[in-house]
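A.B. asks: What follows is a predicted protein model with its sequence.
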Amino acid sequence: MNFEFTQEQRALQEAVRRFVDKEMPKHLIAQWDQAGEFPDDLLDKMAELGLMGASVPLAYGGTGGGVMEETIILEEIARHSSSVAMAYGMDVCFGAVTVERHGNDEQREYFLPRLVKGDCHFALSMTEPDGGTDILGAMKTNARLDGDEYVINGAKVYTTGLNIASHIFVVARTGRDENKPSHGLTVFLIPKDTTGVTYSKIKKLGSWFLHSYEVVYRDVRVPASCVIGTPNRGWHAILDTLNNERIFIAAVCAGLGRAALEEGIQYARDRKAFGKSIGQFQAVQHQLADSLVELDLAQLSTYKAAWMQDQKLDCSVQAASAKYYASEAAFRATDRGMRVLAGAGFTMDYHMQRYYRDIRQLIFAPVTNEMSKNFIAQAGCGLPRSY
Ligand SMILES: Cc1cc2nc3c(=O)[nH]c(=O)nc-3n(C[C@H](O)[C@H](O)[C@H](O)COP(=O)(O)OP(=O)(O)OC[C@H]3O[C@@H](n4cnc5c(N)ncnc54)[C@H](O)[C@@H]3O)c2cc1C
């Protein structure tokens, strides 16, 4: 067993650290967050460094890395901003994977080189107002074939990143089989500015510069060539990317939690009470020690899932465990960080409030931790499905 990164992976980690320190220092992140503005050129700069193609095959202009490389990049970016990491992950860990595995040659040749250059960005429009957990039961958005076009009608919620996305993955019903609700879904990849697509911003607790939207699709006509994968078999394509998505979120959580720990340690060193730094008090030390232990385990669990995925081993339970554990560990690290900073943590002068706000969504998105545990109980413990 070898816990070391390869030389290339270490070089990648150092390059991303330098990039993050230079191009997205924390004081700028705070400004973007307050202004609600994702900088136009940030993903372009990532593309220039080769990060957008980190796991895209060489044939499409990428550098042909794997999930481990994505994990290293995500963790480093999330140590400054989970919102930027989420935007990156939507393109590289979700969009690129979906197109590469389920797109046809034409789609791969169109999208992947553009993604590597930073010329196209993706959002996912799947969750509907009636619920994100029982997605098959809640989905009403439908697409009807009319000649060689589909006509999409419906409404989605929480579609995230439309402020930077050029294209949207829309999941819609194209058929219905009462005995098999997973049959009859189709995934479309359509330009964001397609006629009939309208969207409005949702005000939310965190991730203030990566906006989420309610999206209405009204008689949206798209050519059949927008279908990714096989019509009516979209659920298969969605399930196929779940492990990547879980590992992506776990890596973001590991990085975000680490940021909270680092700010907590620095504050514990600097802040004085009773004539000494508060970091000398055991009650403060134990909070930070608990976070360090849990974040270390979160990172190990995430790396193991990434490694398994790269080895093409079945990592579904490990990926779900990593997402569940890393999000809870990072949540607890931000909560402890708020206690250590006390009043200062509640002000906008420190980053802790941002970490504390931003982690909340990762407890339940893209999958709730309750559903992750349902899956772990079923697939990992071999217990019957509970719902
Ligand atoms: C900031 C943000 C960004 C998002 N980004 C996107 C995006 O880009 N694209 C997209 O499509 N969606 C997105 N989502 C949606 C997200 O995936 C859903 O919020 C999530 O799947 C949960 O769905 P829900 O909020 O409707 O909760 P519900 O499904 O209503 O669940 C409510 C509660 O019931 C529990 N529950 C339900 N069923 C069970 C069960 N069988 N066992 C145990 N507990 C259960 C859940 O765990 C949860 O605690 C985003 C959401 C947020 C808040």
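C.D. replies: Received, thanks. In this text, all values refer to a predicted model and were calculated from it rather than measured experimentally. Residues are numbered from 1 along each chain as shown.
A.B. asks: State which one residue of the protein is found closest to the ligand.
C.D. replies: The ligand sits closest to residue 132 of the chain, with a gap of 2.4 Å, by C-beta to the nearest ligand atom. Where you see a C-beta, it was placed from the backbone N, CA and C, and this is true even at glycine.
A.B. asks: do you know how far that residue is from residue 322?
C.D. replies: 20 Å (C-beta to C-beta, to the nearest Å).
A.B. asks: if we can go back for a sec, please verify my assumption that the residue of the chain closest to the ligand contacts residue 160.
C.D. replies: No. Contact criterion C-beta atoms under 8 Å: residue 132 and residue 160 do not qualify, at 12.0 Å.
A.B. asks: Which one's more surrounded, the two?
C.D. replies: With neighbours defined as other C-beta atoms under 10 Å, residue 132 and residue 160 compare such that residue 160 has more, 25 against 18.
A.B. asks: Would you map the strands across the stretch 51-200 of the chain?
C.D. replies: Along the stretch 51-200 of the chain, counting by DSSP state E, counting those that start in this stretch, strands occupy 122-125, 142-146, 149-160, 167-173, 185-191, 197-202.
A.B. asks: And the stretch 251-387 of the chain, by the same measure?
C.D. replies: Ranges of strands in the stretch 251-387 of the chain, per DSSP E, counting those that start in this stretch, are 272-273, 276-277.
A.B. asks: Output those as TSV; include the columns mean pLDDT and mean neighbour count.
C.D. replies: Below are these laid out as TSV (pLDDT from 0 to 100; neighbours: other C-beta atoms under 10 Å):
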stretch	mean pLDDT	mean neighbour count
strand 272-273	98	10
strand 276-277	98	12
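A.B. asks: Show me the one of those strands that comes nearest residue 330.
C.D. replies: Counting by C-beta to C-beta, residue 330 lies closest to strand 276-277 out of the strands of the stretch 251-387 of the chain; the figure is 25.2 Å.
A.B. asks: so how far is the closest one from its chain's centroid?
C.D. replies: 39 Å (C-alpha atoms, centre = their mean, to the nearest Å).
A.B. asks: who does that strand pair up with?
C.D. replies: In the sheet, strand 276-277 lines up against strand 272-273 (antiparallel) (DSSP bridges).
A.B. asks: Take the strands of the stretch 251-387 of the chain and write them to JSON lines, including distance to the ligand.
C.D. replies: Formatted as JSON lines, those follow (distance: least, C-beta to the nearest ligand atom, whole Å):
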{"stretch": "strand 272-273", "distance to the ligand": "37"}
{"stretch": "strand 276-277", "distance to the ligand": "37"}
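A.B. asks: residues of stretch 282-302 that come out buried?
C.D. replies: Along stretch 282-302, these residues count as buried under the neighbour rule (16 or more other C-beta atoms under 10 Å): 284, 287, 288, 291, 292, 294, 295, 298, 299, 301, 302.
A.B. asks: Let's have those residues in TSV, adding pLDDT and distance to residue 329.
C.D. replies: Formatted as TSV, these follow (pLDDT from 0 to 100; distance: C-beta to C-beta, whole Å):
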residue	pLDDT	distance to residue 329
284	98	19
287	98	13
288	98	13
291	98	8
292	98	10
294	98	4
295	98	6
298	98	4
299	98	9
301	98	9
302	98	10
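A.B. asks: can you tell if the host helix or strand of residue 238 touches the ligand?
C.D. replies: Of the helices and strands defined by DSSP states H and E, residue 238 is found in helix 234-240. No. Using C-beta under 6 Å from any ligand atom, helix 234-240 never reaches the ligand; the gap is at least 10.1 Å.
A.B. asks: Can you name every helix or strand that that helix contacts?
C.D. replies: Under the contact criterion of 3 or more C-beta pairs under 8 Å, 6 or more residues apart in numbering; DSSP states H and E, helix 234-240 touches helix 96-102, strand 185-191.
A.B. asks: Using CSV, list the CA coordinates for it.
C.D. replies: Output of helix 234-240 as CSV, limited to C-alpha atoms (Å, rounded to 0.1, in the frame of the first residue of the first chain):
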residue,chain,number,x,y,z
GLY,A,234,-31.5,8.5,-19.7
TRP,A,235,-31.6,7.1,-16.2
HIS,A,236,-28.9,4.7,-17.1
ALA,A,237,-26.6,7.7,-18.2
ILE,A,238,-27.4,9.5,-15.0
LEU,A,239,-26.7,6.5,-12.7
ASP,A,240,-23.5,5.9,-14.6
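A.B. asks: rewinding a little: the residue of the chain closest to the ligand and residue 138, how far apart?
C.D. replies: Going from residue 132 to residue 138 by C-beta to C-beta gives 8 Å.
A.B. asks: Repeat that for residue 316.
C.D. replies: Distance, residue 316 to residue 138, using C-beta to C-beta: 23 Å.
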